[in-house]
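Chemist: kindly generate the corresponding structure for this input.
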Amino acid sequence: MTDIIRVSAVQFTRQIDLRHSVHKAGSYLLESNSPDFALIGGEFSINESRFNDSYPPLIDLAQSFNCNVIAPIDAISNRFPDAMAENDYASMHIFNRRGEIVGIQDQCFRTPGVNGSSKVGTNANVFEVDGVKIGLVRGLDLLYTTYIQRLREAEVLFVSTLAVDDMALQTAKVRAFENQCYIVIATFLGQLLGRELAGNTAIIAPVFHRPGIPASANVIQHITGPGLIEAELDLNYIRQLKYDYPFEERCL
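Modeler: Below is the predicted model of the structure:
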């Protein structure tokens, strides 16, 4: 069983098209230290992946860096070849080190004004990749406690979202100790729909001291501008937390 993993997350302003955005993400990953998981988040693919095949550049990214790549993707013809327009989902994908798709999580709550016409998913899944239990969160799904609790078996949650302020970051900190898991979150830089969006890409760990002392969260790495963050995560710490503080008991 995997004990220590290295995770990276990149934040950047969306480029002229999806392929250039993935290339930009790759330029930041060149500075990384051989990550096991890389989050290419921040909603860089809004609308673009509906009309462009986003799989080839992301497959190439995973293979080139020999890491598992997590990225937001809107519905594309590769996934729904016969009814793309009727299956307009926003989702998160996991590409393993060989470039194979090993996890797809559809967004379950619409983001008004961004993908309000999209269909929504109904399932919340936990995927095991390289011995790590992974949960995927896109957009407003982060705000819904009942949704996040369905991912309570996950050891790491990867989140891609938009933010006009620090709300997403603060919510992610709450989710980290609620679910006793690490959270890797990437947001969006630049303007969208007339709004200037805030960058708050971070790696967050839950902190449990001892009974009677409130839980909290520790932001291990955080950037507000373009760039790369990375950290080593001790999964045994998370596994011990889940053992010491069973979810069912905490919900009594």
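
Chemist: next, count neighbours for residue 67.
Modeler: 23 (other Cβ atoms under 10 Å). Yep, even glycine has a C-beta here, placed from its N, CA and C like the rest.

Chemist: could you do residue 239 as well?
Modeler: 15.

Chemist: go on, residue 63?
Modeler: Neighbours of residue 63 (other Cβ under 10 Å): 16.

Chemist: tell me the SS of it?
Modeler: Assigned with DSSP: H, G, I helix; E, B strand; the rest coil, residue 63 falls in the helix class.

Chemist: what helix or strand is the closest residue in space to residue 125 that isn't next to it in sequence located in?
Modeler: Once flanking residues are discounted, residue 125 sits nearest to residue 105: 5.7 Å by Cβ to Cβ, 6 or more residues apart in numbering. Per DSSP states H and E, residue 105 falls inside strand 101-106.

Chemist: tell me the mean pLDDT for that strand?
Modeler: Strand 101-106 shows a mean pLDDT of 94.

Chemist: any idea how far it is from the chain center?
Modeler: 12 Å (Cα atoms, centre = their mean, to the nearest Å).

Chemist: give the contact list for the closest residue to residue 90 other than its chain neighbours.
Modeler: What sits nearest to residue 90 in space, not counting adjacent residues and going by Cβ to Cβ, 6+ apart, is residue 107, at 4.3 Å. Contact analysis of residue 107 by Cβ atoms under 8 Å, 6 or more residues apart in numbering lists 89, 90, 91, 92, 115, 118, 120, 121, 138, 139, 140, 141.

Chemist: ranges for the helices of the stretch 101-250 of the chain?
Modeler: Assigned by DSSP state H, counting those that start in this stretch, the helices in the stretch 101-250 of the chain fall at 145-149, 167-179, 235-244, 247-250.

Chemist: for those helices, which one sits closest to residue 66?
Modeler: helix 235-244 (19.6 Å; Cβ to Cβ).

Chemist: now the strands for the protein?
Modeler: All strands of the chain, identified by DSSP state E, fall at 4-11, 37-40, 68-74, 90-95, 101-106, 126-129, 132-138, 156-160, 182-186, 190-192, 195-197, 201-207, 216-223, 227-234.

Chemist: need those in TSV (columns: mean neighbour count and distance to residue 169).
Modeler: Below are the strands of the chain laid out as TSV (neighbours: other Cβ atoms under 10 Å; distance: least, Cβ to Cβ, whole Å):
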stretch	mean neighbour count	distance to residue 169
strand 4-11	23	12
strand 37-40	28	15
strand 68-74	27	17
strand 90-95	24	18
strand 101-106	19	21
strand 126-129	17	23
strand 132-138	25	13
strand 156-160	27	10
strand 182-186	29	7
strand 190-192	14	17
strand 195-197	14	13
strand 201-207	24	6
strand 216-223	16	8
strand 227-234	18	13
